[in-house]
Structure formats: C-alpha cells, structure tokens
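# got a predicted structure plus its sequence, pasted below:
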Amino acid sequence: MKIGILQTGHSPEDLFGPFGDYDGMFRDMLDGNSFEFQTWAVVDGVFPDSADDADAWLITGSKHGAYEDHAWIPPLETLIREINTRKQPLAGICFGHQIIAQALGGKVKKYEGGWAVGRVTYEVDGRELTLNAWHQDQVVALPEGARVLGGNDFCRNGILAYGDHIISWQPHPEFSSAFVGGLIEKRGRGVVPDGLLDRAAAELDAPVDNQDIATFLAEFYRKERT
C-alpha cells in the first residue's frame, strides 16, 4: 500500500537536525508495516496530480492556521474533498485534523480557552488515551457526517471520524517527548504561557500512548472496505 503524506508544515529549523521533518516522523511511526511512502510538500506548493497518486493519505501538522490566507490551502481542500468522494483512507493530525473538517464544511478557529501543550488525556470509548498536544486552534463546528470519537473538556472534538475512511486526531501521536521538549524551548517561549510550558516540561518523562495510535493507524489503512 502506498501512503501519500501531504506535508503542511516543517519541523523548526533548529530541531530538524536531531529529529528530522514531520513526514519522517510519520514514516518512523508506521515503520514495519510494509507501507510505501511518498511525500508531497503542499506547504511549498508541491501537490500530487490527483488522489489516484496514492492508495491512502495522511495530512501532517503545521504552524499555520487552516483559516489563514495561503495559496496552498484551497487546492488542499479540493484534494481532501476528492479523497473523500473516492472513499480513500485518510488520516489527519492537528492541522490535518482541522483542515479536513474545514474542507468538508466544519469550522476552525483560535480557541478562546488558550493552548494545549504536552501530555493531554482524552476520553475514547470509555478509556483514557494520553498523547502529546501542541495547539491553540480547534474544530469548533463539525461537518455534516462527522462523528466525535474522543475528546475532553478543553477540546471536545479531539478525535473525529467520517464514514469508515477518514480518521483525525487533534493531538500528535508522532511527537516524541524529546521533540516536545525541543518545541517548549525553541518555539514555545514567548508564545505559550510559561506556566503551561513549565507543566509540560515537568511531565516529559511520563508515558504517552503513541504506540497505540501507530497500531490503530496501520490497521485503519489496511482495513478491508467495500
């Protein structure tokens, strides 16, 4: 199976050396599943010819807002709608979660309640799932047909599904705790309140459920669909 990674942002330059770029984090996360990958850096205006260029798709996170005026956002939304029409498997993470919702008729905005940074716990089907988060924007109005699979009091629309072919997460299962530590120091200071950053830094050694999502996502891509 060929998975097309639609890269909507780049890792901070001063973290690129030790951690690589966002597409590489997903390749590492899904390693060992016999997937083939190809990246299109849509944030740089590089797009596939059509949804036929891959069997399944993944949209990364980004420093940009889905509602911002960038030339690459409208064609990305068109591609998302094409993928949805074809019922191809599609996963979105953080910005990917938001742009899928926006492309299909939902609404994304900067949340008045502020930031979520570091370890965050979500309620999913009666169990708790803890993942690293890094966001202020949220999906605040759902598209028609979207189902809420998980969330919490801060982010009620934290995990969404559409049919059996689209799944999206607001948090970052691809982010290691070490990378989050780098974000705290290199991107967070002066932007995110220090109290939130200090709490997140104090919890960097605590476990997260990244592997559970990696397993789920691999099974989601391989699932038989009619």
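In hand now; what should we look at? Numbering: from 1, shown residues only.

# neighbouring strands for the helix or strand hosting residue 39, and are they parallel or not?
Residue 39 belongs to strand 36-40 when assigned by DSSP states H and E. Strand 36-40 pairs in its sheet with strand 2-6 (parallel), by DSSP bridges.

# so for the strand it pairs with, what gets flagged as buried?
3-6 (16 or more other C-beta atoms under 10 Å). In short, each C-beta sits where N, CA and C put it, glycine included.

# with distance to residue 106 and pLDDT as extra columns, can I get the residues you listed in JSON lines?
Shown next, in JSON lines, are the buried residues of strand 2-6 (distance: C-beta to C-beta, whole Å; pLDDT from 0 to 100):
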{"residue": "3", "distance to residue 106": "24", "pLDDT": "98"}
{"residue": "4", "distance to residue 106": "22", "pLDDT": "98"}
{"residue": "5", "distance to residue 106": "22", "pLDDT": "98"}
{"residue": "6", "distance to residue 106": "18", "pLDDT": "98"}
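
# biggest separation within those residues, which pair?
Across the buried residues of strand 2-6, the longest distance by C-beta to C-beta is 10.3 Å; it joins 3 and 6.

# could you dump the worst-scoring helix or strand of the chain on mean pLDDT to PDB, C-alpha only?
Within the chain, no helix or strand scores below helix 13-19, which has a mean of 93 by mean pLDDT, DSSP states H and E. The C-alpha coordinates for helix 13-19 follow below in PDB (Å, rounded to 0.1, in the frame of the first residue of the first chain):
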ATOM      1  CA  GLU A  13      15.000  24.600  11.700                       C
ATOM      2  CA  ASP A  14      16.800  24.300  15.000                       C
ATOM      3  CA  LEU A  15      15.100  20.900  15.700                       C
ATOM      4  CA  PHE A  16      15.500  19.500  12.200                       C
ATOM      5  CA  GLY A  17      18.900  18.000  12.800                       C
ATOM      6  CA  PRO A  18      18.100  15.700  15.800                       C
ATOM      7  CA  PHE A  19      14.500  15.000  14.900                       C
END
